[in-house]
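**Student:** This is a predicted model, with the sequence first.
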Amino acid sequence: MEGEEEFCFHEVSFTDRDGRLRTTRVPVVQELSRRGVTRLPERFIQLKSAHQDEAQNFTNLEILQMIDMIKVRAGSAEELAKLAKGAKEQGMFLIKEHGIGSAVLDEVKCVVQEFFGLSFEDKKMCVGSYASADNLGYGRNFVKSDDQILEWIDRLAVKALPKGATDGLHVWPQTPANFRRAMETYVDQARKVLDQVLESLAESFSLEKHVFLQSFDPGRSEVKVRVNCYPPCPRPDLTIGLNPHTDASALTLLVQLDGGTSGLQVLHGQDPQSWRTVEWPRGALLVNAGDLLEIMSDGRVKSPWHRVMTQSEVERISIALFYNPPSDAEIVPVTGGSGSYRKVVVGDYCRHYYKISPTKTKEAILYAKQES
Ligand SMILES: O=C(O)CCC(=O)C(=O)O
Ligand SMILES: [Fe+2]
């Protein structure tokens, strides 16, 4: 058996179910992978459950709508109809001709690859840890107990907007030196694209075009970026990169680094629902509705349940950008939808989401449901 003492660990603080502050150690999966472990450590083995059985037998999702943002900007009725369809039927769609410069995308991909290419010691040294502030920095996904089954992932999370929000908190990597500049340039351009998506989504639902955008504020809206690294895994059939979840955000923009095949899966269809692997053409970006948009849109859009599978030979890196209105903004569902949502304060919703996550079902959104 590989000696536990040889592994590198993330030190994790969490508040347990009794409200006590606890610490635990979580193996750094990139290091396990680099050392060529052939046996998946016990803590990563998911219980044999329905979704594991299905995981070995899924089909590709070929029907994600591909939205041409040039046509959207020109007000093409046909493209807006595709946008409405993608948002309503799957809560997830692809965008092309988005206007984010290829040099900007190449640079951001390059800095995240360089960061995850560093040794564990160098990564730890050049960036603050999760314990430092609000789940930011370099580490792992949620850990809430000593006996939690772990996901095969390492991640880096930074708060990119409002500008300067994390100055002094040492959560931006110092290596590579251009990391922060590259990420902030990307975030700036991505935010403009997402504003356009929000405006066009409203139009595509025959609503006034500012109904979603009006909750946002150029100086105070929030962007968190999470870089997800799923290293090659000895037993992809026994574990998962990221457990099924919905995002708390209004919108999430996903970039997947070239070279990696997609491991992202989304729950598709109604009665029966099934997991489908997302087909992700090179160059396209993926937009995913989060819970806040489900609330704002009064259920016209549903935040999709999604998860990430691992692969045995390939390291996959994705960049998830979460776009939210200011934390103190009150979001009010646009009437005429399902009528089952109530107004919530963004920060209150997000705190609730993080407090109860991870969950086995789409539970956090119940917080924003009207009592019937
Ligand atoms: O890696 C991916 O493609 C998805 C990541 C994701 O769902 C998340 O970070 O919330
Ligand atoms: Fe997600």
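**Tutor:** Received it, and whenever you're ready, just let me know what you need. Ligands and ions are numbered 1, 2, ... in the order given.

**Student:** Please make it C-alpha for all contacts and neighbour counts, starting now.
**Tutor:** Noted.

**Student:** which residues in this protein form helices?
**Tutor:** 29-34, 50-55, 69-73, 77-89, 102-117, 120-126, 179-204, 291-296, 346-356 (DSSP state H).

**Student:** Need the winner for burial among these.
**Tutor:** With neighbours defined as mean count of other CA atoms under 10 Å, those peak in mean count at helix 291-296, which reaches a mean of 26.

**Student:** before we move on, back to that, format the helices of the chain as a markdown table; extra columns: distance to residue 253 and mean pLDDT.
**Tutor:** Shown next, in a markdown table, are those (distance: least, CA to CA, whole Å; pLDDT from 0 to 100):
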| stretch | distance to residue 253 | mean pLDDT |
| --- | --- | --- |
| helix 29-34 | 24 | 95 |
| helix 50-55 | 24 | 50 |
| helix 69-73 | 14 | 97 |
| helix 77-89 | 14 | 97 |
| helix 102-117 | 13 | 97 |
| helix 120-126 | 25 | 93 |
| helix 179-204 | 8 | 98 |
| helix 291-296 | 13 | 98 |
| helix 346-356 | 18 | 93 |
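
**Student:** is it possible to export those to TSV including distance to ligand 1?
**Tutor:** Formatted as TSV, the helices of the chain follow (distance: least, CA to the nearest ligand atom, whole Å):
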stretch	distance to ligand 1
helix 29-34	15
helix 50-55	16
helix 69-73	21
helix 77-89	17
helix 102-117	13
helix 120-126	19
helix 179-204	16
helix 291-296	12
helix 346-356	12
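
**Student:** Turn these into TSV, including distance to residue 338.
**Tutor:** Formatted as TSV, the helices of the chain follow (distance: least, CA to CA, whole Å):
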stretch	distance to residue 338
helix 29-34	42
helix 50-55	29
helix 69-73	26
helix 77-89	13
helix 102-117	38
helix 120-126	46
helix 179-204	16
helix 291-296	10
helix 346-356	19
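
**Student:** Could you say which one of those comes nearest to residue 322?
**Tutor:** helix 179-204 (9.8 Å; CA to CA).

**Student:** And that closest one, what does it pack against?
**Tutor:** Applying 3 or more CA pairs under 8 Å, 6 or more residues apart in numbering; DSSP states H and E, one finds that helix 179-204 contacts helix 69-73, helix 77-89, helix 102-117, strand 154-161, strand 251-256, strand 316-324.

**Student:** Distance to residue 233 for those - can I get that in CSV?
**Tutor:** Listed next are those as CSV, based on distance: least, CA to CA, whole Å:
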stretch, distance to residue 233
helix 69-73, 36
helix 77-89, 32
helix 102-117, 16
strand 154-161, 12
strand 251-256, 18
strand 316-324, 11
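
**Student:** residues in contact with the residue in the stretch 151-300 of the chain that ligand 1 sits nearest to?
**Tutor:** With CA to the nearest ligand atom as the measure, residue 264 is the residue of the stretch 151-300 of the chain nearest to ligand 1, at 4.7 Å. Under the criterion of CA atoms under 8 Å, 6 or more residues apart in numbering, the neighbours of residue 264 are 277, 278, 306, 307, 308, 309.

**Student:** Centre-most residue in this protein?
**Tutor:** Closest residue to the average C-alpha location of the chain: residue 320 at 4.6 Å, with CA atoms, centre = their mean.

**Student:** was I right about it contacting residue 257?
**Tutor:** No. Taking contacts as CA atoms under 8 Å, residue 320 lies outside contact range of residue 257: 11.3 Å.

**Student:** And for residue 154, the neighbour number?
**Tutor:** The number of residues packed around residue 154, counting by other CA atoms under 10 Å, is 23.

**Student:** I'd say it and residue 123 touch.
**Tutor:** No. Taking contacts as CA under 8 Å, residue 154 lies outside contact range of residue 123: 11.3 Å.

**Student:** ok, residue 367 to residue 350 distance?
**Tutor:** 10 Å (CA to CA, to the nearest Å).

**Student:** do residue 319 as well
**Tutor:** Residue 319 is 20 Å from residue 350, by CA to CA.

**Student:** Where does pLDDT dip in the stretch 201-350 of the chain?
**Tutor:** 259-261 (pLDDT under 70).

**Student:** That one against ligand 1: which residues are in contact?
**Tutor:** 228, 247, 264, 318, 320 (CA under 6 Å from any ligand atom).

**Student:** The first one: what's its closest spatial neighbour, skipping adjacent residues?
**Tutor:** The reference is to residue 228. Once flanking residues are discounted, residue 228 sits nearest to residue 155: 4.6 Å by CA to CA, 6 or more residues apart in numbering.

**Student:** and that neighbour, what is it in contact with?
**Tutor:** Residue 155 neighbours (CA under 8 Å, 6+ apart): 138, 139, 140, 141, 226, 227, 228, 229.

**Student:** at 6 Å instead, please
**Tutor:** Neighbouring residues of residue 155 by CA atoms under 6 Å, 6 or more residues apart in numbering: 138, 139, 140, 227, 228, 229.

**Student:** who does it bridge with?
**Tutor:** Beta-bridge partners for residue 155, by DSSP bridges, are residue 139, residue 228.

**Student:** Surely residue 222 touches residue 324?
**Tutor:** Yes. Residue 222 is within contact range of residue 324, at 5.0 Å (criterion: CA atoms under 6 Å).

**Student:** what sits against residue 128?
**Tutor:** Contacts of residue 128 (CA under 6 Å, 6+ apart): 137, 170, 171.

**Student:** Closest one of the residues you listed to residue 273?
**Tutor:** residue 137 (35.2 Å).

**Student:** Pull stretch 208-220 out as PDB, backbone CA atoms only.
**Tutor:** Extracted C-alpha coordinates of stretch 208-220, given in PDB (Å, rounded to 0.1, in the frame of the first residue of the first chain):
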ATOM      1  CA  GLU A 208     -38.100  44.400 -21.300                       C
ATOM      2  CA  LYS A 209     -34.400  44.100 -22.100                       C
ATOM      3  CA  HIS A 210     -33.100  45.400 -18.800                       C
ATOM      4  CA  VAL A 211     -35.200  43.200 -16.500                       C
ATOM      5  CA  PHE A 212     -32.200  40.900 -15.600                       C
ATOM      6  CA  LEU A 213     -29.400  43.400 -16.100                       C
ATOM      7  CA  GLN A 214     -31.000  46.000 -13.800                       C
ATOM      8  CA  SER A 215     -30.000  43.900 -10.800                       C
ATOM      9  CA  PHE A 216     -26.300  44.200 -11.800                       C
ATOM     10  CA  ASP A 217     -24.000  47.200 -11.300                       C
ATOM     11  CA  PRO A 218     -20.800  47.800 -13.300                       C
ATOM     12  CA  GLY A 219     -18.900  48.900 -10.200                       C
ATOM     13  CA  ARG A 220     -20.300  46.500  -7.600                       C
END
